[in-house]
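Engineer: Following is a predicted model, sequence given first.
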Amino acid sequence: MNYLNCDRIPRRDFLRIGALAGLGMGLPEYLAWAGDGAISARAKARAAIFVRLGGGPSHVDTFDLKPDAPDTHRGEFKEIATNVPGIRICEYLPKLAKCADHYVILRGVSHNLAAHELGLLYLATGNRPGPALHYPSYGAVVARELGGQAEIPPFVAIPTEGADPSGYLGVEYGPFETAAVPVAGKPMEIRGLTLKDGLTLTDVDRRHDMLRKYDQAFGDFATRDKLLAGMDQFSQKAYAMLHSSKTRDAFDLRKESAPITALFGADSFSQSCLLATRLIEAGVRFVTVNLGGWDTHTNNFATLKNTNLPILDAGLSGLFLALAAKGLLDSTTVFVTGEFGRTPKINDRAGRDHWPRAMCCLFAGGGIQGGRVIGASDAKGEGPKDDPISPDDLAATFYQSLGIDPHKEYRTPTGRPVMIVRNGKPIKELAA
């Protein structure tokens, strides 16, 4: 599903798209294989998957139902028991109910940014957005800190990551964007990995040699100029990827085993989740998977029941179970979130509107013990019952699971010192 909601190509995106067209590729920003951060040896996670539910899913209709709330708030859905005693979720998430021991539900997550773009930036970076500084997304920081293999991009987005995902870190830490979603049973054509129009690896070798000679002509200037240096890194990385059967195989879902494939649905979100497990298995450090369509101002219950919840149920349960079956769940942190929740009170169009005061998120893997609920919202789901969990806290927890110090300082291009996460502390209960 496309990431659409009710609420531009920046200049840097224009440059990415046009660069190195001779190779038939754009400038995907996946050039962060030389991480320079201090990584904690105690951290279990060595990779992460970020599942972004674009549009803002209704917390009170998914993982935080309020069966005792008044009719004006309660909604149409019923709770069902999960495989963990005492934890109950929506009746239209039966597969996730059967694997609740694999994930943690965080309730009472709260902030005050009710616009899609601002809420998304907050939840995708862990820093409250402002006009003066563009913060890097989780994937950009992970790419910088954890690095990657020579022929495998450290940061992949299925299909895209959004505007300016690398922020002040620069284009070399941005994502390799697939620009498409996988289709069950069909080979996936990936920009930068698929040779078209009769182009052969011999042709690529010839053009790569021409680019190398062209770079030499620039001399030291090419290494001093950030954009030219990034383009040179891109050409080397793209060349390695094109020659790597490991990379091509990772993107080929036809090579997955039948038992793992059977855990997923045939829809694009399920297949994207399946692809994410293969990419992590191949050595990718960070994968973003998108599922949009949660901006349910109208027909909230029909949309969730007939479309969104069955799709989420199939894909997300498959993701947890496949990672566990591959032996990757303990070393992979999974973070599932939208940009906010939705109004507990139902509007006159059978819908729910934007509501950042209360929302739900899921965490799994990375050494985090599943089968728990942390935090709570009040009786109507209107706000946190006790201490709120902030997006900053979520970010600090996420980075800690990967052994990345959330308070480590970076330098912006102007020399300004900025911590990875300005505010927030790791959630102690998640480490228990």
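Structural biologist: That came through, no problem. Nothing here was measured: the structure is a model prediction, and the numbers come from that model.
Engineer: Please, where are all the helices along the stretch 201-350 of the chain?
Structural biologist: Here the stretch 201-350 of the chain has its helices, by DSSP state H, counting those that start in this stretch, at 201-218, 220-224, 226-242, 245-250, 258-261, 268-282, 300-303, 309-325.
Engineer: Actually, the stretch 51-200 of the chain.
Structural biologist: Per DSSP H, counting those that start in this stretch, the stretch 51-200 of the chain carries helices over the ranges 71-74, 94-97, 116-125, 138-146.
Engineer: Reformat these as a markdown table; add mean neighbour count.
Structural biologist: No exception for glycine: its C-beta is placed from N, CA and C like everyone else's. What follows is the helices of the stretch 51-200 of the chain, written out as a markdown table (neighbours: other C-beta atoms under 10 Å):
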| stretch | mean neighbour count |
| --- | --- |
| helix 71-74 | 14 |
| helix 94-97 | 20 |
| helix 116-125 | 23 |
| helix 138-146 | 28 |
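Engineer: Any idea how many residues pack against the residue lying closest to residue 119 once chain neighbours are set aside?
Structural biologist: Excluding the flanking residues, the one nearest residue 119 by C-beta to C-beta, 6 or more residues apart in numbering is residue 339, at 3.2 Å. Residues lying near residue 339 (other C-beta atoms under 10 Å) number 30.
Engineer: before we move on, the earlier item: make a markdown table out of the helices of the stretch 51-200 of the chain and add mean pLDDT.
Structural biologist: Formatted as a markdown table, the helices of the stretch 51-200 of the chain follow (pLDDT from 0 to 100):
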| stretch | mean pLDDT |
| --- | --- |
| helix 71-74 | 96 |
| helix 94-97 | 98 |
| helix 116-125 | 97 |
| helix 138-146 | 97 |
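Engineer: Let me have the ones you listed in CSV, extended by distance to residue 396.
Structural biologist: Converted to CSV, those look like this (distance: least, C-beta to C-beta, whole Å):
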stretch, distance to residue 396
helix 71-74, 32
helix 94-97, 26
helix 116-125, 12
helix 138-146, 12
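Engineer: Grab the CA positions of stretch 418-432 and hand them over as PDB.
Structural biologist: Presented in PDB, the C-alpha positions along stretch 418-432 are these (Å, rounded to 0.1, in the frame of the first residue of the first chain):
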ATOM      1  CA  VAL A 418      24.300  17.300  18.300                       C
ATOM      2  CA  MET A 419      23.500  14.200  20.300                       C
ATOM      3  CA  ILE A 420      22.000  11.300  18.300                       C
ATOM      4  CA  VAL A 421      18.900  11.600  20.600                       C
ATOM      5  CA  ARG A 422      18.600  15.000  22.400                       C
ATOM      6  CA  ASN A 423      16.100  13.900  25.000                       C
ATOM      7  CA  GLY A 424      14.800  10.700  26.300                       C
ATOM      8  CA  LYS A 425      16.100   7.700  28.200                       C
ATOM      9  CA  PRO A 426      16.000   4.000  27.400                       C
ATOM     10  CA  ILE A 427      12.800   2.300  28.800                       C
ATOM     11  CA  LYS A 428      14.100   0.200  31.700                       C
ATOM     12  CA  GLU A 429      11.300  -2.300  31.500                       C
ATOM     13  CA  LEU A 430      12.200  -3.300  28.000                       C
ATOM     14  CA  ALA A 431      15.600  -4.500  29.100                       C
ATOM     15  CA  ALA A 432      14.100  -6.700  31.800                       C
END
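Engineer: What average pLDDT does that stretch get?
Structural biologist: For stretch 418-432, mean pLDDT rounds to 91.
Engineer: residues touching the residue nearest to residue 349 when sequence neighbours are not counted, list them.
Structural biologist: Of all residues not flanking residue 349 in the chain, residue 298 sits nearest, at 4.2 Å (C-beta to C-beta, 6+ apart). Neighbouring residues of residue 298 by C-beta atoms under 8 Å, 6 or more residues apart in numbering: 349, 350, 351.
Engineer: Tell me the one of these nearest residue 404?
Structural biologist: residue 351 (38.7 Å; C-beta to C-beta).
Engineer: Do I have it right that residue 121 meets residue 129?
Structural biologist: Yes. With contact defined as C-beta atoms under 8 Å, residue 121 and residue 129 form a contacting pair (4.1 Å).
Engineer: Which neighbours do those two have in common?
Structural biologist: Residues touching both residue 121 and residue 129 (C-beta under 8 Å, 6+ apart) are residue 135.
Engineer: what about the closest residue to residue 96 other than its chain neighbours, distance to residue 183?
Structural biologist: In this structure, residue 96 finds its nearest non-sequential neighbour in residue 317, 5.0 Å apart by C-beta to C-beta, 6+ apart. In this view, residue 317 and residue 183 are 20 Å apart by C-beta to C-beta, to the nearest Å.
Engineer: which one of those two has more residues nearby?
Structural biologist: Between residue 317 and residue 183, residue 317 has the larger neighbour count (other C-beta under 10 Å), namely 25 against 13.
Engineer: any idea of the pLDDT on residue 247?
Structural biologist: pLDDT, read off for residue 247, is 84.
Engineer: I'd like to know how far it sits from residue 275.
Structural biologist: According to C-beta to C-beta, residue 247 and residue 275 sit 13 Å apart.
Engineer: which stretches of the stretch 51-200 of the chain have low pLDDT?
Structural biologist: Counting by pLDDT under 70, the stretch 51-200 of the chain has low-confidence residues at 191-200.
Engineer: Recalculate using a threshold of 80.
Structural biologist: The model of the stretch 51-200 of the chain has pLDDT under 80 over residues 150, 187, 189-200.
Engineer: So which residues of it form strands?
Structural biologist: Applying DSSP state E, counting those that start in this stretch to the stretch 51-200 of the chain gives strands spanning 79-81, 88-90, 103-109, 155-158, 176-177.
Engineer: With respect to residue 386, which of these lies nearest?
Structural biologist: That would be strand 103-109 among the strands of the stretch 51-200 of the chain, by C-beta to C-beta, at 7.1 Å.
Engineer: can you pull the buried residues of that closest one?
Structural biologist: Within strand 103-109, the residues that count as buried by 16 or more other C-beta atoms under 10 Å are 103, 104, 105, 106, 107, 108, 109.
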